[in-house]
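[1] sequence and predicted structure below; questions after.
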Amino acid sequence: MGSADAVGRVAASDRAALDRAALDRVAFERELRAVPERRYHHRHPFNLRMHQGELSPVELRVWILNRFHYQRHIPVKDALILAKLDDPALRRMWVRRITDHDGTADDEGGIERWLRLGEAAGLDRADLLSGEGVLPGVRLAVDGYVNLCRSATPLEAVAASLTELFAPDIMTTRIAAFQAHYTWIRPEGLAYFKSRVPQGRRDSGEALSLVLEWARTREQQKAAVAALAYKCEVLWTLLDAVDRSGA
Ligand SMILES: O=C(O)c1cc(C(=O)O)c2c(n1)C(=O)C(=O)c1cc(C(=O)O)[nH]c1-2
């Protein structure tokens, strides 16, 4: 075997070793943030049309009804994550997410606020709760997220929630768009987004700290990035289904 081959082999094994070496925290955080930068649903054509004021009342109602299917599964996936956490302090932190959505009484919490958004847009609460009209693609996308949280490691499930690093900004844009273009929606309907902006900032900050701490090896870092990329596809696919519903 010639020396060029030997050099080639050494270089390849160096490359493999480099590939296995974990990124430092700063580089890993940059790698994580680059995923939604590219593919978060703030870039989806349906959201762009929403923000430009181009959606019809029927299209917005289809979005609200279908997004309710996502919303009502958030505490379910958080309960699946909660069951994987073996530390009381971590469980205390995570259980708050469930209460944020479910409240501590019937007339509280994010799910209730989303129902009121639907009512403010002319939808019937009973129709939202019935689940009728939820598009097949939306069901599959939401199942995908719930199943990821059921079967993946805590690191991957928490990493998947990191789309929320970008959610407060899109909600702020959405609030302004609703106020400017969709004035037929009663303003109290915006309460969901207004209360979710600070919750999203806090939740994504906590989740980011956990992911940076837990992902020690390059393999773990790659698994976290893949879970976050998958979650971006969940949100993208949900909007694809809404966009193509023909509403
Ligand atoms: O309106 C949005 O654009 C948006 C996006 C996301 C997200 O990035 O997953 C969430 C929410 N809203 C939201 O309201 C919410 O409660 C929420 C929880 C989570 C999560 O993965 O744990 N994402 C989101």
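    Cool, the structure landed. Residues are numbered from 1 along each chain as shown.
[2] contacts only, for the residue in the chain positioned nearest to the ligand.
    Going by CB to the nearest ligand atom, the ligand is nearest to T163 of the chain, at 3.3 Å. (C-beta placed from N, C-alpha, C; glycine too.) T163 makes contact with P36, Y40, L228, K231, C232, L235, according to CB atoms under 8 Å, 6 or more residues apart in numbering.
[3] near the ligand, which of those show up?
    L235 (CB under 6 Å from any ligand atom).
[4] got the contacts of T163 as a markdown table, with secondary structure and pLDDT columns?
    Shown next, in a markdown table, are these (DSSP: H, G, I helix; E, B strand; the rest coil; pLDDT from 0 to 100):
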| residue | secondary structure | pLDDT |
| --- | --- | --- |
| P36 | helix | 95 |
| Y40 | coil | 94 |
| L228 | helix | 98 |
| K231 | helix | 98 |
| C232 | helix | 98 |
| L235 | helix | 98 |
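[5] for the contacts of T163, which two are the farthest from each other?
    Within the contacts of T163, two members stand farthest from each other by CB to CB: L228 and L235, at 11.1 Å.
[6] look at the residue nearest the centre of the chain and give its secondary structure.
    Among the residues of the chain, the one closest to the centroid is T163, at 4.4 Å (CA atoms, centre = their mean). Using DSSP: H, G, I helix; E, B strand; the rest coil, the three-state assignment for T163 comes out as helix.
[7] the residue lying closest to R201 once chain neighbours are set aside: helix or strand, and which one exactly?
    Closest residue in space to R201, ignoring its immediate chain neighbours: P168 at 5.1 Å, by CB to CB, 6 or more residues apart in numbering. Using DSSP states H and E, P168 maps to helix 167-181.
[8] state the number of residues packed around R92.
    10 (other CB atoms under 10 Å).
[9] tell me which of L228 and L235 has more neighbours.
    Per other CB under 10 Å, whichever of L228 and L235 has more neighbours is L228, with 26 against 23.
[10] interface residues of the protein facing the ligand?
    I74, S161, T163, E164, A167, I170, M171, R196, L235.
[11] now Q71: how far from D86?
    28 Å (CB to CB, to the nearest Å).
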